[in-house]
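Asker: Coordinates for the following, if possible.
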Amino acid sequence: MSSAPQLVFWSCLALTFYTYVLYPVSIWLLARWFPRVSTAGETAVADLPEVSLLVAAYNEENVIERKILNSLNLDYPRDRLHIVIGSDGSSDATAEIVSRYADWGVRLLQYPWRRGKAAVLNSAITATGGEILVLSDANTEYEPGSLRKLVRWFADPEVNAVCGRLVLTDPAHGRNVDGLYWRYETFLKKCEGRLGALLGANGAIYALRRSVHVPIPNNTIVDDFVIPLLSKLRHGGRIVYDPAAVASEETPATIRGEFRRRVRIGTGAYQSLRLLWRLLSPGYGWTALAFFSHKLLRWLVPFFLLGMVVANLLLLNSTFYRVLLCGQLALYAVAVAGMYVRGTGLRAKLARAASMFVGMNAALLLGFCRWLATRQTGTWQKTARDVQPLETASLPEARAGA
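Answerer: Numbering: from 1, shown residues only. The predicted structure follows:
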């Protein structure tokens, strides 16, 4: 009677351990043994391609001016940089603020009703020029040289997309607050990029060759994941990770806001399988391994955790399994405590790590339920952030000339 629960318990534990521990070790070793050696030199100013920097914005009056000024001050020839803001039916002053910069060459695409980010990007891309598309978020700021670092890779005809590095900052002090999870994800990106198996991009900072862009369904939620990989399915080519192309973004103001964001990403992850499942084919090599291990298995971990608890409850006639059940319950108790613990000691860090792990999987589970139960749309609820509008008098001076 106990053989089936035992098999379920140990299988779920093994798959969870592989996903979060063995796979990172394996991808690190594979990246060292089979690197896809690639470098990108600096491109001369005269050879820089024409770029369209696209931002889909919904009610971003608190940050859109800062984003425009940051974009105008990028180290890139003004005659080859087109800044385009697509207002997704904004009901605040977003469109009005963007309009102030028309004489600076900033273009407003104002859509009268809200359709969602994917629909705005599809429309904006067809309405703009530029050999290279750079997609960003309204609350993201680029370092001055980041755009040139992104586009330099396109001198290689095999490169179809480039993902930059996003740094998370504290909204109160502006300090780098990259947590354990973000550093973990960045590590995986570096390894997968070195192996030629990078999965998707980061919506805050990535570039795509226009000729390989594939329009996505308007209800797509995780557009930054789907767009590069759908392009890879259709056209092949490589997705590159360049940690030298840096952007910064402030973290959400509340734990609730961050959890809601993760639920939405989880919903989008399950939704994306309908479009991207073919990447699991062994014919895609290291990309197939990364997609299976880094994405598919991780999306299944909430069910592995539930399977462990249920199987464990069926094995309580054994002292050994009673101890294991107590260990699982202790993990969840520590995770709850980690939401409130402060400090920088080892215990506090472990508690926050447990909270991050459990919270992320709870968000994925809820995202799965929403994916099954609701009709998905491309619209989203903005994550609250502690960002104040710029005062006109304090605006930094942008380089003049259109």
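Asker: CA only for contacts and neighbour counts going forward, please
Answerer: Fine.
Asker: Quick check: buried residues in the one helix or strand residue 266 maps to?
Answerer: Assessed by DSSP states H and E, residue 266 sits inside helix 255-276. Residues of helix 255-276 classed as buried by neighbour count (16 or more other Cα atoms under 10 Å): 257-272, 276.
Asker: can you pull the contacts of the residue nearest to residue 198 when sequence neighbours are not counted?
Answerer: When the adjacent residues along the chain are set aside, residue 198 lies closest to residue 192, with 4.8 Å between them (Cα to Cα, 6 or more residues apart in numbering). Contact analysis of residue 192 by Cα atoms under 8 Å, 6 or more residues apart in numbering lists 27, 31, 198-199, 290.
Asker: which one of those is nearest residue 375?
Answerer: residue 199 (25.8 Å; Cα to Cα).
Asker: any idea how far that closest one is from residue 299?
Answerer: Plainly put, residue 199 is 14 Å away from residue 299 if you go by Cα to Cα, to the nearest Å.
Asker: repeat for residue 123
Answerer: 31 Å.
Asker: Over to residue 89?
Answerer: The gap separating residue 89 from residue 299 is 32 Å, by Cα to Cα.
Asker: just residue 160 next, same as before
Answerer: According to Cα to Cα, residue 160 stands 27 Å off from residue 299.
Asker: Same check on residue 29?
Answerer: 23 Å.
Asker: List the pairing partners of the strand ranked longest in the chain within its sheet, with orientation.
Answerer: Across the chain, the longest stretch assigned as strand under DSSP state E is strand 238-250. Its sheet considered, strand 238-250 pairs with strand 140-142 (antiparallel), strand 159-169 (parallel) by DSSP bridges.
Asker: Now do the contacts for residue 70.
Answerer: Residues near residue 70 by Cα under 8 Å, 6+ apart: 141-142.
Asker: contacts for stretch 338-358?
Answerer: The contact list for stretch 338-358 (Cα under 8 Å, 6+ apart) reads 180-181, 331-332, 334-337.
Asker: which among the residues you listed end up buried?
Answerer: By 16+ other Cα under 10 Å, the contacts of stretch 338-358 give 331-332, 334-337 as buried.
Asker: Those: which two are farthest apart?
Answerer: For the buried ones among the contacts of stretch 338-358, the farthest-apart pair by Cα to Cα is 331 and 337; their separation is 9.9 Å.
Asker: low-scoring pLDDT stretches of the protein, where are they?
Answerer: Residue ranges of the chain with pLDDT under 70: 1-2, 37, 170-179, 253-254, 376-402.
Asker: No further questions, thank you.
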